[in-house]
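Novice: After the sequence you'll find the predicted model.
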Amino acid sequence: MTKVVRCACGLDLRDADEENLIARVQQHAKEAHDLDLNDEQVRAMMEIEQ
């Protein structure tokens, strides 16, 4: 099951591995937006891709 996080900047990050997706979203948030997101914040943004 693939999950997706859609960033407000237009970037969509997808991964079937939740922990990998969390790490990628956290890295993007820090590098692109200088935001520190914890795991629960990232999980709240996840959607299951149809």
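Specialist: Received it, and whenever you're ready, just let me know what you need. Numbers count the residues shown, from 1 in each chain.
Novice: Could you point out the helix or strand that follows the top helix by length along the chain?
Specialist: Ranked by number of residues, the top helix in the chain under DSSP state H is helix 18-33. On the C-terminal side of helix 18-33, the closest following helix or strand by DSSP states H and E is helix 39-45.
Novice: packing partners for that next one?
Specialist: strand 3-6, helix 18-33 (3 or more C-beta pairs under 8 Å, 6 or more residues apart in numbering; DSSP states H and E). Bear in mind the C-beta positions are built from the backbone N, C-alpha and C, glycine included.
Novice: so can I have TSV of the ones you listed showing distance to residue 42 and mean neighbour count?
Specialist: Shown next, in TSV, are the helices and strands packed on helix 39-45 (distance: least, C-beta to C-beta, whole Å; neighbours: other C-beta atoms under 10 Å):
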stretch	distance to residue 42	mean neighbour count
strand 3-6	7	17
helix 18-33	5	15
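Novice: circling back: would you mind pulling the contact partners of the longest helix of the chain?
Specialist: Here helix 18-33 makes contact (C-beta atoms under 8 Å, 6 or more residues apart in numbering) with 3, 5, 7, 9, 11, 13-15, 35-37, 39, 42-43, 45-46.
Novice: please redo it, this time with the cut-off set to 7 Å
Specialist: 3, 5, 7, 9, 11, 13, 15, 35, 36, 37, 39, 42 (C-beta atoms under 7 Å, 6 or more residues apart in numbering).
Novice: Test for you: state the pLDDT assigned to residue 39.
Specialist: In this prediction, residue 39 carries a pLDDT score of 99.
Novice: My error: substitute residue 50 in the last question.
Specialist: Looking at residue 50, its pLDDT is 81.
Novice: Same check on residue 29?
Specialist: As predicted, residue 29 sits at a pLDDT of 99.
Novice: same check, this time on the one 4 residues further on
Specialist: Turning to residue 33, the model gives it a pLDDT of 99.
Novice: Next: the one 10 residues further on.
Specialist: In the predicted model, residue 43 carries a pLDDT score of 99.
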